[in-house]
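Undergrad: could you look at this predicted model? Sequence included:
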Amino acid sequence: MKKIIVASLLFFATFSMFAQTYVYRGNSNFTNDLICTVEDGKVYNGNSNFRLDIIVNVQNSKIYKGNFNFIKDIIATVKNGKVYRKNSFFEGDILFNIQDNLVYRGNSISSFDVIARIEDGKVYKGQSNFRGDILFNFDGELSIEEFVAVWFVIHQ
């Protein structure tokens, strides 16, 4: 019995290491509405996990174009919930920030500057909670950097 339990735990631990998060358009979870797949800091086009289908990737709090990691390929840098343009840390280069599951414009934390709200794997437009205002949803876990990478993929 012990062997079965240990084998089961090892199987699930191994399986969870390769867990993928799928991102869908709106409130859908149909294959036709699959936007991208996120796995190990890489955002793949659609349902792919092929190296050539990497749209963006995350390394050390930086989001890079494609599968590159050159300074010229940095799209954004994430630090303390703030998303900076390219490789900058200047306050004037803050594109948006994420605090308490709300996405704010620039460096603001005003309720007037809420761009999106994140709740239960769904990302709503503004402060809405209406099903019709869901921009996209995801079925797993995303780090803040992975969320920002997905945000850039969806808003290109």
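TA: On my side now, so go ahead. The model shown is predicted, which means the values in this text are computed figures rather than measured ones.

Undergrad: for the rest of this, base every contact and every neighbour count on C-alpha atoms.
TA: Will do.

Undergrad: show me which parts of stretch 48-60 are buried, residue by residue.
TA: Neighbour counts using 16 or more other Cα atoms under 10 Å place Asn49, Asp53, Ile54, Ile55, Val56, Asn57, Val58, Gln59 of stretch 48-60 among the buried residues.

Undergrad: how far off centre is that stretch?
TA: Taking Cα atoms, centre = their mean, to the nearest Å, one finds the center of stretch 48-60 at 12 Å from the center of the full chain.

Undergrad: and it, average pLDDT?
TA: When pLDDT is averaged along stretch 48-60, the result is 95.

Undergrad: who's in contact with that stretch?
TA: Identification of contacts with stretch 48-60 by Cα atoms under 8 Å, 6 or more residues apart in numbering yields 36-37, 39, 41-45, 63-69, 145-146, 149, 153.

Undergrad: now do 7 Å
TA: Taking Cα atoms under 7 Å, 6 or more residues apart in numbering as the criterion, the residues outside stretch 48-60 that touch it are 37, 41-45, 63-67, 145-146, 149.

Undergrad: what's the end-to-end length of it?
TA: Taking Cα to Cα, to the nearest Å, the span from the opening residue of stretch 48-60 to its closing residue is 23 Å.

Undergrad: ditto for stretch 41-55
TA: Start-to-end span of stretch 41-55 (Cα to Cα) is 11 Å.
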